[in-house]
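Student: Here you go, sequence then predicted model.
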Amino acid sequence: MGFIGIPLIALLFQGIPETIALVTFAFVIARIPIKWNNIIVLGIILAFSSYLMRMFIPFGIHTILQIIFLFIALTWLGKGDFSLSIIASLLSFLVLAILEFVCLGLLMPVFGVTPEILFVDLTKRILIAEPQVLLMFISAFIVNKFLQRRGNKNELFRKY
């Protein structure tokens, strides 16, 4: 396994927005109130820590460490429920991976871009990756609306 670093410009325009979207989704799943200050700060910290880890740790290991870090942040900083925080951390990264796979799988052939081009051309790399960030935010918004609605309708199942 090799060490895969990302250029600083990609971190700023792709990594940070992607990680903020990931944290937003995790907050929604963990049912932690959305406080944008906390989400943005946590997203930036996660993005920079991932950036640093990718310089020194083999690819893939940094993801496991990021999941653990996100879990700890949701539990301690967000005061989230332990089990919901575990689910939120794992599910957020799973959704991110699925959206990344789908977006890259659809957009790369449409624009005639190969993985080699993405490593060399930062502009194309950032532009092709942005739809997944947007979809992650949209997913968080939809799940949040669903959970809010569901929470109001599940009064029948409450034990008295």
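Tutor: Here it is on my side, so go on. Numbering: from 1, shown residues only.
Student: Could you list the low-pLDDT ranges of this protein?
Tutor: Residues of the chain that meet the criterion pLDDT under 70 lie in 1-5, 152-160.
Student: Tell me the spacing between the residue nearest the centre of it and residue 123.
Tutor: Relative to the mean C-alpha position of the chain, the nearest C-alpha, by CA atoms, centre = their mean, is the one of residue 22, at 2.2 Å. Residue 22 sits 23 Å away from residue 123, going by CB to CB, to the nearest Å. Heads up, the C-betas are built off the backbone N, CA and C, glycines and all.
Student: What separation is there between residue 28 and residue 140?
Tutor: Counting by CB to CB, the gap from residue 28 to residue 140 is 5 Å.
Student: on that earlier part again, show the contacting residues for the residue nearest to the centre of the chain.
Tutor: Neighbouring residues of residue 22 by CB atoms under 8 Å, 6 or more residues apart in numbering: 43, 46, 70, 92, 93, 96, 136.
Student: Just the buried ones from these?
Tutor: For the contacts of residue 22, a neighbour count by 16 or more other CB atoms under 10 Å gives the buried set as 43, 46, 70, 92, 93, 96, 136.
Student: show me where this structure has helices.
Tutor: 8-10, 16-29, 36-56, 61-72, 82-111, 115-120, 122-153 (DSSP state H).
Student: Could you identify which of the ones you listed is most buried?
Tutor: Taking mean count of other CB atoms under 10 Å as the contact definition, the stretch among the helices of the chain with the greatest mean neighbour count is helix 16-29, which reaches a mean of 24.
Student: how big is the angle separating that one from helix 61-72?
Tutor: Here helix 16-29 runs at an angle of 40 degrees relative to helix 61-72 (axes from the mean of the first three to the mean of the last three CA atoms, to 10 degrees).
Student: Just the C-alphas of helix 16-29, formatted as PDB.
Tutor: C-alpha atoms of helix 16-29 as PDB (Å, rounded to 0.1, in the frame of the first residue of the first chain):
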ATOM      1  CA  ILE A  16     -13.000  20.600   3.300                       C
ATOM      2  CA  PRO A  17     -16.500  20.900   1.700                       C
ATOM      3  CA  GLU A  18     -16.700  17.100   1.400                       C
ATOM      4  CA  THR A  19     -15.800  16.600   5.100                       C
ATOM      5  CA  ILE A  20     -18.200  19.300   6.200                       C
ATOM      6  CA  ALA A  21     -21.000  17.500   4.300                       C
ATOM      7  CA  LEU A  22     -19.900  14.200   5.900                       C
ATOM      8  CA  VAL A  23     -20.100  15.700   9.400                       C
ATOM      9  CA  THR A  24     -23.500  17.300   8.600                       C
ATOM     10  CA  PHE A  25     -24.800  13.900   7.600                       C
ATOM     11  CA  ALA A  26     -23.300  12.300  10.700                       C
ATOM     12  CA  PHE A  27     -25.000  15.000  12.900                       C
ATOM     13  CA  VAL A  28     -28.300  14.300  11.300                       C
ATOM     14  CA  ILE A  29     -28.000  10.500  11.700                       C
END
